[in-house]
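> prediction below, plus the sequence it came from.
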Amino acid sequence: MRKKSSPNLVPDSSSATLAEDHFWLYDLKVEVVAGDKPMVCNHQVGDYFLVEGESLVFAKGQHFSMYAIATILPLLPAKQRDTDTNDWMTTDADIACPDPHCGGQFRITRIGQRQFRHSETTGLPGSRGTPYWTKDES
Ligand SMILES: [Zn+2]
């Protein structure tokens, strides 16, 4: 079955991005904030981790519930990218703990932008350059 084209689709601008070979991602901070119920998991208000490119960055000794991380992870790539002003992904920042009895919430904040090069981040044949994480070593 063939899909009908949508009149709301706009042309793909990815070829322009490839020509410039760079793109921007937001660095994120994911922080425990108190909800309206007591927390029953081991969340401490102020516990956090950062998202820098593909990496989750934890301060030394910082812990974070793996169940909470499992809930938060699917949202992070979208939060790293520019989203429409009216998109709920732009406006909604607090994610509830997956335990329905727990009042823990996790606030995702865009804290800055970091530039990457396509050639440093892709594995596509013919496009691969030096990985960004080895640039300082050469
Ligand atoms: Zn919880």
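Cool, got the structure. Numbering: from 1, shown residues only.
> okay, CA-based contacts and neighbour counts for the rest of this
OK.
> helices of this structure, start to end?
For the chain, the helices defined by DSSP state H cover 14-20, 66-72, 76-79, 88-91, 118-121.
> redo those as JSON lines? Include distance to Asp27 and mean neighbour count.
Supplementary listing: the helices of the chain in JSON lines, determined by distance: least, CA to CA, whole Å; neighbours: other CA atoms under 10 Å:
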{"stretch": "helix 14-20", "distance to Asp27": "20", "mean neighbour count": "10"}
{"stretch": "helix 66-72", "distance to Asp27": "15", "mean neighbour count": "14"}
{"stretch": "helix 76-79", "distance to Asp27": "9", "mean neighbour count": "16"}
{"stretch": "helix 88-91", "distance to Asp27": "14", "mean neighbour count": "13"}
{"stretch": "helix 118-121", "distance to Asp27": "16", "mean neighbour count": "19"}
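> could I get those as TSV with distance to the ion and mean pLDDT?
Below are the helices of the chain laid out as TSV (distance: least, CA to the ion, whole Å; pLDDT from 0 to 100):
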stretch	distance to the ion	mean pLDDT
helix 14-20	39	57
helix 66-72	7	96
helix 76-79	19	98
helix 88-91	22	96
helix 118-121	34	89
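> want to throw the ones you listed into TSV with distance to Glu54?
Shown next, in TSV, are the helices of the chain (distance: least, CA to CA, whole Å):
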stretch	distance to Glu54
helix 14-20	19
helix 66-72	14
helix 76-79	9
helix 88-91	19
helix 118-121	10
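> among the ones you listed, which is nearest Gly104?
Closest to Gly104 of the helices of the chain is helix 66-72 (CA to CA; 9.1 Å).
> can you dump the C-alpha coordinates of the closest one into PDB?
Taking Å, rounded to 0.1, in the frame of the first residue of the first chain, the C-alpha atoms of helix 66-72 are listed here in PDB:
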ATOM      1  CA  MET A  66      18.200   3.300  37.100                       C
ATOM      2  CA  TYR A  67      14.400   3.200  36.900                       C
ATOM      3  CA  ALA A  68      14.300   6.900  36.700                       C
ATOM      4  CA  ILE A  69      17.000   7.000  34.000                       C
ATOM      5  CA  ALA A  70      15.100   4.300  32.100                       C
ATOM      6  CA  THR A  71      12.100   6.600  32.100                       C
ATOM      7  CA  ILE A  72      14.000   9.800  31.200                       C
END
